[in-house]
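Undergrad: Provided below are the primary sequence and the corresponding predicted coordinates.
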Amino acid sequence: MDHQPFFKRGPSALARLAFFGLLSVALMAVDARFNQLEPLRQLVGLALHPLQQIANSPLALSRRAGEFFVTQNQLASENTRLKQQQLTTSLQVQRNQSLQAENAYLRRLLASREKSGDSAIAVEIMSDGRDPFSRRIIVDKGSSRHILPGQAVIDDTGLVGQVTRVQVLSSEVTLITDKGQAVPVEVVRNGLHAIAFGHGRDNMLELAFMATNMDIQNGDKLVTSGIDGTYPRGVPVATVTRIERNAGDPFAKIICTPSAGVGRYRHLLVVSAPSPMPQTAPASSGGKQ
């Protein structure tokens with residue numbers, strides 16, 4: 001007795017392979033000949049596109065992450081390079097400005113030297129003095145360059161101080177603001193003579209022993225009078241900035257701001273007061289006895 005199979009079996013595998021192979025060849029021939037399957041191909045590609053995107057997303061994400069970090073590193077390196085370039089450029093600009101200012105100062109100092117004559121000697125500040133309670137500086141020339149004690153020291157704007165100690169290769173200059181310095185001055189406006197003393201601590205000058213009724217005003221310019229034979233006449237010294245007159249005090253308190261200063265540039269001039277012209281004895285007019 002024959003048993004029937006529970007499920008009906010279809011065509012054999014070889015028959016199915018032959019059928020689908022012939023169908024594929026026919027479809028390819030029709031598509032190549034008449035291009036009738038292009039809409040179907042587009043529809044299948046559209047349906048498979050999301051699946052392709054999902055399949056490619058890990059690779060695309062890793063590529064974008066790599067590009068992001070590479071771009072960040074490049075931007076950080078470029079930013080660092082630009083900052084260094086900016087600092088270098090800023091430093092060069094500052095140096096150029098400093099050199100221009102120093103060149104302008106040296107030109108003015110050269111003009112002051114020409115006015116002072118051949119006796120003016122250019123010096124450079126080496127350091128401040130060792131005593132913190134005095135206003136003194138050390139310059140780079142001494143007796144080997146004919147620097148002498150007592151010579152005046154000026155810059156392009158006025159009187160700086162006086163040479164007080166000389167060595168072979170250096171000299172000590174006491175500033176006019178030192179407490180022990182006194183400079184004979186003259187008021188430019190009216191020719192009034194006075195003595196300017198250094199304050200010492202606040203880099204100011206004071207006109208001492210000036211009566212309260214003296215004709216002196218704020219803003220008056222003071223220059224060296226030259227009566228002491230140490231400082232050349234007419235060198236700017238200071239400007240009157242404050243006057244205090246008290247009824248019970250016979251002398252006024254007059255504070256002045258120096259015209260020159262050593263905090264701006266390093267170069268100064270050492271000058272000597274002009275020597276007085278020798279006086280010749282008058283010729284006798286007596287005749288023969």
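TA: Yes, it's here.

Undergrad: For the rest of this, base every contact and every neighbour count on C-alpha atoms.
TA: Noted.

Undergrad: mind listing the strands in the stretch 101-250 of the chain by residue range?
TA: 121-128, 136-139, 152-154, 159-166, 171-175, 182-187, 193-198, 205-211, 221-224, 236-244 (DSSP state E, counting those that start in this stretch).

Undergrad: can you put these in TSV and add distance to residue 78 and mean neighbour count?
TA: Converted to TSV, the strands of the stretch 101-250 of the chain look like this (distance: least, Cα to Cα, whole Å; neighbours: other Cα atoms under 10 Å):
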stretch	distance to residue 78	mean neighbour count
strand 121-128	43	17
strand 136-139	47	21
strand 152-154	51	26
strand 159-166	51	23
strand 171-175	52	25
strand 182-187	61	23
strand 193-198	56	21
strand 205-211	56	19
strand 221-224	57	25
strand 236-244	54	20
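
Undergrad: Check those strands for me: which has the lowest mean pLDDT.
TA: Among these, strand 121-128 carries the lowest mean pLDDT, at a mean of 86.

Undergrad: Show me the domain layout of the protein.
TA: Here the domain parsing of the chain from automatic domain parsing is 15-116, 121-271.

Undergrad: Of these, which stretch is the most buried?
TA: domain 121-271 (a mean of 19; mean count of other Cα atoms under 10 Å).

Undergrad: what about it, start to end distance?
TA: With Cα to Cα, to the nearest Å applied, domain 121-271 spans 7 Å between its terminal residues.

Undergrad: Now do the contacts for residue 135.
TA: Counting by Cα atoms under 8 Å, 6 or more residues apart in numbering, residue 135 touches 129, 174-175, 177-179, 200.

Undergrad: so what's it scoring on pLDDT?
TA: If you check residue 135, the pLDDT there is 83.

Undergrad: How far does stretch 191-205 stretch from one end to the other?
TA: Start-to-end, stretch 191-205 (Cα to Cα) is 19 Å.

Undergrad: cool, stretch 221-231 as well?
TA: Start-to-end span of stretch 221-231 (Cα to Cα) is 17 Å.

Undergrad: picking that back up, can you put the strands of the stretch 101-250 of the chain in a markdown table and add distance to residue 46?
TA: As requested, the strands of the stretch 101-250 of the chain are arranged in a markdown table below (distance: least, Cα to Cα, whole Å):
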| stretch | distance to residue 46 |
| --- | --- |
| strand 121-128 | 86 |
| strand 136-139 | 91 |
| strand 152-154 | 93 |
| strand 159-166 | 92 |
| strand 171-175 | 94 |
| strand 182-187 | 101 |
| strand 193-198 | 97 |
| strand 205-211 | 96 |
| strand 221-224 | 95 |
| strand 236-244 | 92 |
